[in-house]
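Trainee: Have a look; sequence and predicted model below, questions after that.
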Amino acid sequence: HRSEGSFVGTGLLSVGEGVRTTTAALSFVRAAAALPLIDLLELGFELCGTYRRGRGALPTRYGVDPLLTIRRLTDFLRRNPGMHGAKQARRALRYLVEKAESPREAKCALLFGLPRALGGYGLGMPVMGHEVACTGEAYAIAETRVLRCDLYWPSARLGMEYQSRAFHEGELHRARDSRRVNALRAMGIEVVPVTDNELE
């Protein structure tokens, strides 16, 4: 694809002598011109998250560095307001959240967070991977200083735990999950578990 337009700010990266590739911010804006909003948000969650969906025979990878931050995308859009796809990207930016750790966590955030007009339950977009320092009582239950909520709505003190088959199977995991939920509840945070079947 040949782009005749110009853009301001970091849009290209050098990958070798005389060879450039687009940055994640520019790629997101270009994708915004072609993708439906939900598909664009799923892409944005992945770029701003710590996972990469598997393509073809490749498996999904977890625990990787984010390729994009909301701050960098916001700055790129501010510098390039008239770029093809910028309007759609700005719309998506309102619902984009960083730090999702899996595609299913991203789906939970979109399903429960998006407004009803966009197909969600209208709870507002959550904070992903929110960490809570344990009180004495919570520490006695969970035996750890910090607990993490996959999704968290601060104003409601509501956490959501996505219980994937891969990371929550077996008696040991169930016992650990139970201690974590009980510790969070001891601190006044309600936790809702969501399984694969429930999400579907």
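Mentor: Received, thanks. Numbers count the residues shown, from 1 in each chain.
Trainee: Quick one: distance of the worst-scoring helix or strand of the chain on mean pLDDT to the chain centre.
Mentor: Using mean pLDDT, DSSP states H and E, the weakest-scoring helix or strand in the chain turns out to be strand 12-16, at a mean of 79. Remark: strand 12-16 is offset 26 Å from the chain centroid, using Cα atoms, centre = their mean, to the nearest Å.
Trainee: So which elements touch it?
Mentor: Packing partners of strand 12-16 (3 or more Cβ pairs under 8 Å, 6 or more residues apart in numbering; DSSP states H and E): strand 19-22. From N, CA and C alone the C-beta is placed, and that goes for glycine too.
Trainee: And for the strand it packs on, what's in contact with it?
Mentor: Residues outside strand 19-22 that contact it (Cβ atoms under 8 Å, 6 or more residues apart in numbering) are 11, 12, 13, 14, 15, 30.
Trainee: How far does stretch 185-195 sit from its chain's centre?
Mentor: Using Cα atoms, centre = their mean, the mean C-alpha position of stretch 185-195 is found 20 Å from that of the whole chain.
Trainee: Flag the shaky bits of the chain, pLDDT-wise.
Mentor: Scanning the chain for pLDDT under 70 picks out the ranges 1-10, 165-170.
Trainee: report the longest helix in it, please.
Mentor: Criterion DSSP state H: the longest helix present in the chain is helix 171-186.
Trainee: Give the next helix or strand downstream of it.
Mentor: For helix 171-186, the succeeding helix or strand toward the C-terminus, using DSSP states H and E, is strand 190-195.
Trainee: related to what we said a few turns ago, just the buried residues of the least confident helix or strand of the chain, please?
Mentor: Buried residues in strand 12-16, defined by neighbour count with 16 or more other Cβ atoms under 10 Å: none.
Trainee: quick one: strands adjacent to that strand?
Mentor: Next to strand 12-16 in the sheet, as set by DSSP bridges, lie strand 19-22 (antiparallel).
Trainee: Can you list the neighbours in contact with the least confident helix or strand of the chain?
Mentor: Residues from elsewhere that reach strand 12-16 (Cβ under 8 Å, 6+ apart): 20, 21, 22, 23, 26.
Trainee: how about those in JSON lines, adding distance to residue 71?
Mentor: JSON lines is the format used below for these (distance: Cβ to Cβ, whole Å):
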{"residue": "20", "distance to residue 71": "23"}
{"residue": "21", "distance to residue 71": "21"}
{"residue": "22", "distance to residue 71": "18"}
{"residue": "23", "distance to residue 71": "14"}
{"residue": "26", "distance to residue 71": "15"}
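Trainee: what's the closest of these to residue 183?
Mentor: Closest to residue 183 out of these is residue 23 (40.7 Å), distances taken as Cβ to Cβ.
Trainee: Look at the closest one and say how many residues are nearby.
Mentor: Neighbour count for residue 23, taken as other Cβ atoms under 10 Å: 19.
Trainee: Then the one 4 residues further on?
Mentor: Using other Cβ under 10 Å, residue 27 is surrounded by 16 other residues.
Trainee: out of the contacts of strand 12-16, who has the most neighbours?
Mentor: residue 26 (22 neighbours).
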